[in-house]
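Enquirer: give the three-dimensional model of this entry:
(2 chains)
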There are 2 protein chains.
Amino acid sequence: MNRIKSPTMKDVAREAGVSLGTVSNVFNGVSVSPAYKERVEEAAKKLGYTINRYARGLKTSETHVIAFVCPGTDHPFFGDLTNYINKALADRGYRMLLAVTQFIPDMEQRCIRLVSENKVDGIIALTYNPELQLEESIPFVSIDRQCSPTAPCVSSDNYSGGQLAAQKLYELGSRQLLFLSIAPKISGEPDKRRYGFESWCRASHVPFESVVIPDTDGFRPFLNILKARIRDGKPDFDGIFCNTDKLAYVILRMLKELGVSVPGQVQIIGYDGINMFGDPAMPCVSSICQPVREMAETAVSTLLSRGRPSMPTLICLPVTYRAGGTTRDREELAYIYER
Amino acid sequence: MNRIKSPTMKDVAREAGVSLGTVSNVFNGVSVSPAYKERVEEAAKKLGYTINRYARGLKTSETHVIAFVCPGTDHPFFGDLTNYINKALADRGYRMLLAVTQFIPDMEQRCIRLVSENKVDGIIALTYNPELQLEESIPFVSIDRQCSPTAPCVSSDNYSGGQLAAQKLYELGSRQLLFLSIAPKISGEPDKRRYGFESWCRASHVPFESVVIPDTDGFRPFLNILKARIRDGKPDFDGIFCNTDKLAYVILRMLKELGVSVPGQVQIIGYDGINMFGDPAMPCVSSICQPVREMAETAVSTLLSRGRPSMPTLICLPVTYRAGGTTRDREELAYIYER
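Expert: This next block holds a predicted model:
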């Protein structure tokens, strides 16, 4: 690597005609007379001196680097989350060390270990390893799954979201509801989507059924499940809540193929609030939207406020419903023409 | 922050009963007698000592951290790219410092400056600031836009991609071609998509027209442009190449609204190779796919091989065509049932 030698604090001290201690004080925010401060800052500017934060990290035990461990930025929910966490960190003068794990439990553990090896001030993680070992010395906040009895977990209010989905389907005219999902590999906050949905249906005396298939054959089994429930082109359900937008989109395509009109005969609501091409004007399906930005802000501010006397173990943020063409409130989807 | 004191090299030396220099040699890969090496490694393991890479970075001028500066991980192309660059770095024992800039030129410049302040071994950047100032001392590779006369730029082979789009439309039966795009804010490699398309049409004597609208009103003007070209439900074109998948998707929706069938009357090919929900089994539209994985690998390996006598300034990687439902080769889209 062809690295040119950078100016050091010593060079700045020489240029400014002050002691090394004075330079150090200026850069570490210690009170110094204004005249000295100005001289040091001018000298630093003239020499192109930039603070070596790593060196500073060694002194103050703070690197201003936070690690974010997540399955991958290729899924739009994780891509959004990474984006907002990055912004939330930058707003507070922190940088992000990103480690993607591709849902591999060993990789998740290795990432946690490796980021601990690099000195970081904390870790935010979205992991699926049920036996994840945390480094106790490093502040830790998880997303969507509680990883330890003491580490705070931030998620959307999945339970309320399930309730909201049932309520919306009913309000928009559906009377026979269906909950669809693939069984999760590991339990976590998103499981509550189902329970919220069921609780609303029970409390409101709205007939419903939950169909959860094993995590082995992908979405394909749903095609036969749906087919078996359609007689003479008429399904025995008229509203579906899917536990993700992706599943909602797949079900939409399957119903189309089976000759069932959406949202005419059947309304569908997903969960996540995914946009086509990351464009908020282009929702994929009608959905219960996760407040990704607020989740990111909360994860970051919770992490950075570690050490307060009482830390919550679970923070759930409110979700919202958004029409996206698969419900009868806004079918036209004209908004895709806006950028 | 409640940080527990970690064991130091001194603690390891004491535990192993060797000198500090021996411990240092072991961790820095300097040759040491096997017996000593074993003692040091056992002591390190016993104490739970992990190498502080930041401290090591100060010694060897290598931090094994690479900064990736990009507009945001919320667009699926950038999300994919971030993911693959992260993997490519991890495979080589490097970590990624991620800085998102939201397309803001000042932010891009600030990110470059800030990542230089944190000691990094190099920068990979996808930026839109035409006046970006680089730190000469830090190895730099750009993506999609040449930022300096000497820094290598990695991109897909946009020109060949444009040619391939025209050729595919023609092979699949289109005879009156259209190129559509919104004018780019800043010139870069993606501009070549248009020129490749036009060159193929000229060379093959296939009639075509290019419609590039200003970057002021989003996609909306295309609706009137298309409308004006449709007489009695019959468009005066039968094949469209859009410079992005997002535009292709919008045009698809507009043609549907105007009563034109896709791909029956008009075939559409986009550029990028975007998948719904990041799932390779769910393409958004028929597309010229960027080899995102290979671009990431190439950017990383080029960056890490800096200092070789001769560095290329532009590396273009081959694109591929993929059917996605908007061309007449594979309309059924049945593949969405696979996960």
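Enquirer: please make it C-alpha for all contacts and neighbour counts, starting now.
Expert: Will do.
Enquirer: who's in contact with the nearest residue to residue A:150 once chain neighbours are set aside?
Expert: If the residues on either side of it in the chain are set aside, residue A:150 comes closest to residue A:313, at 6.1 Å by Cα to Cα, 6 or more residues apart in numbering or on different chains. Contacts for residue A:313 (Cα atoms under 8 Å, 6 or more residues apart in numbering or on different chains) come out as A:146, A:149, A:150, A:151, A:152, A:153.
Enquirer: how many neighbours does the second one have?
Expert: Going back to what we said before, that points to residue A:149. 9 (other Cα atoms under 10 Å in any protein chain shown).
Enquirer: so it versus chain B, what's the distance?
Expert: Distance check for residue A:149 against chain B: by Cα to the nearest Cα, to the nearest Å, it reads 17 Å.
Enquirer: most neighbours of all the contacts of residue A:313, which one?
Expert: residue A:153 (27 neighbours).
Enquirer: show me the contacts for it.
Expert: A:141, A:142, A:143, A:144, A:145, A:146, A:147, A:299, A:313, A:314, A:315 are the contacts of residue A:153 under Cα under 8 Å, 6+ apart.
Enquirer: are any of the residues you listed buried, and which?
Expert: Using 16 or more other Cα atoms under 10 Å in any protein chain shown as the burial test, those include A:141, A:142, A:143, A:144, A:145, A:146, A:147, A:299, A:313, A:314, A:315 as buried.
Enquirer: so which of those belong to strands?
Expert: A:141, A:142, A:143, A:314, A:315 (DSSP state E).
Enquirer: between those residues, which is closest to chain B?
Expert: residue A:141 (13.4 Å; Cα to the nearest Cα).
Enquirer: report the contact partners of the closest one.
Expert: A:123, A:124, A:125, A:151, A:152, A:153, A:154, A:299, A:302, A:303.
Enquirer: does it have beta-bridge partners, and which?
Expert: residue A:124 (DSSP bridges).
Enquirer: and the gap between it and residue A:297?
Expert: 12 Å (Cα to Cα, to the nearest Å).
Enquirer: next one: residue A:117
Expert: In terms of Cα to Cα, residue A:117 sits 26 Å off from residue A:297.
Enquirer: more neighbours, these two?
Expert: residue A:297 (19 against 15).
Enquirer: helix/strand/coil for the more buried one?
Expert: Counting by DSSP: H, G, I helix; E, B strand; the rest coil, the backbone at residue A:297 sits in helix.
Enquirer: could you export the helix or strand hosting residue A:35 as CSV, CA atoms only?
Expert: For residue A:35, the element it lies in under DSSP states H and E is helix A:34-47. Below are the C-alpha coordinates for helix A:34-47, written out as CSV (Å, rounded to 0.1, in the frame of the first residue of the first chain):
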residue,chain,number,x,y,z
PRO,A,34,-9.0,30.7,23.1
ALA,A,35,-5.8,32.1,21.6
TYR,A,36,-4.0,28.8,22.0
LYS,A,37,-6.9,26.9,20.7
GLU,A,38,-7.0,29.0,17.6
ARG,A,39,-3.2,28.6,17.0
VAL,A,40,-3.5,24.8,17.3
GLU,A,41,-6.5,24.7,15.0
GLU,A,42,-4.8,26.9,12.4
ALA,A,43,-1.7,24.8,12.5
ALA,A,44,-3.7,21.6,12.1
LYS,A,45,-5.6,23.0,9.2
LYS,A,46,-2.4,24.2,7.5
LEU,A,47,-0.7,20.8,7.8
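Enquirer: residue closest to the middle of chain A?
Expert: Nearest to the geometric centre of chain A sits residue A:81, at 3.7 Å (Cα atoms, centre = their mean).
Enquirer: mind giving me the domain split of chain A?
Expert: A:9-51, A:65-152+A:298-312, A:158-292+A:319-338 (automatic domain parsing).
Enquirer: could the ones you listed go into a markdown table alongside mean pLDDT?
Expert: Shown next, in a markdown table, are these (pLDDT from 0 to 100):
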| stretch | mean pLDDT |
| --- | --- |
| domain A:9-51 | 79 |
| domain A:65-152+A:298-312 | 88 |
| domain A:158-292+A:319-338 | 93 |
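Enquirer: which stretches of the stretch 201-339 of chain A form strands?
Expert: With DSSP state E, counting those that start in this stretch, the ranges of strands along the stretch 201-339 of chain A come out as A:208-213, A:230-231, A:234-235, A:239-242, A:267-272, A:287-289, A:314-317, A:320-322.
Enquirer: hmm, the fifth one touching chain B?
Expert: No: using Cα under 8 Å from any Cα of the partner chain, strand A:267-272 stays clear of chain B, with a minimum separation of 11.0 Å.
Enquirer: which strands or helices does that strand pack on?
Expert: helix A:158-171, strand A:239-242, helix A:245-257, strand A:287-289 (3 or more Cα pairs under 8 Å, 6 or more residues apart in numbering or on different chains; DSSP states H and E).
Enquirer: equivalent analysis for the fourth one, please.
Expert: The criterion is 3+ Cα pairs under 8 Å, 6+ apart, and the helices and strands that strand A:239-242 contacts are helix A:158-171, strand A:177-182, strand A:267-272.
Enquirer: could you check the angle helix A:245-257 makes with the second one?
Expert: Counting by axes from the mean of the first three to the mean of the last three Cα atoms, to 10 degrees, strand A:177-182 lies at 120 degrees to helix A:245-257.
Enquirer: next one: the first one
Expert: What separates the directions of helix A:158-171 and helix A:245-257 is an angle of 30 degrees, with the same axes, to 10 degrees.
Enquirer: now do the last one
Expert: With the same axes, to 10 degrees as the basis, strand A:267-272 and helix A:245-257 are set at 160 degrees to each other.
Enquirer: that older thread, in CSV: the domains of chain A, plus distance to residue B:189.
Expert: Output for the domains of chain A, formatted as CSV (distance: least, Cα to Cα, whole Å):
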stretch, distance to residue B:189
domain A:9-51, 32
domain A:65-152+A:298-312, 23
domain A:158-292+A:319-338, 20
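Enquirer: what separates residue A:43 from residue B:241, distance-wise?
Expert: Following Cα to Cα, the distance that separates residue A:43 from residue B:241 is 55 Å.
Enquirer: compare these two (neighbour count), which wins?
Expert: For residue A:43 versus residue B:241, the count of surrounding residues by other Cα under 10 Å is larger for residue B:241: 30 against 20.
Enquirer: contacts only, for the more buried one.
Expert: B:165, B:166, B:177, B:178, B:179, B:180, B:248, B:268, B:269, B:270.
Enquirer: ok, now with 10 Å
Expert: With contacts defined as Cα atoms under 10 Å, 6 or more residues apart in numbering or on different chains, residue B:241 is in contact with B:162, B:165-166, B:168-169, B:177-181, B:193-194, B:197, B:210, B:247-248, B:267-271, B:286-288.
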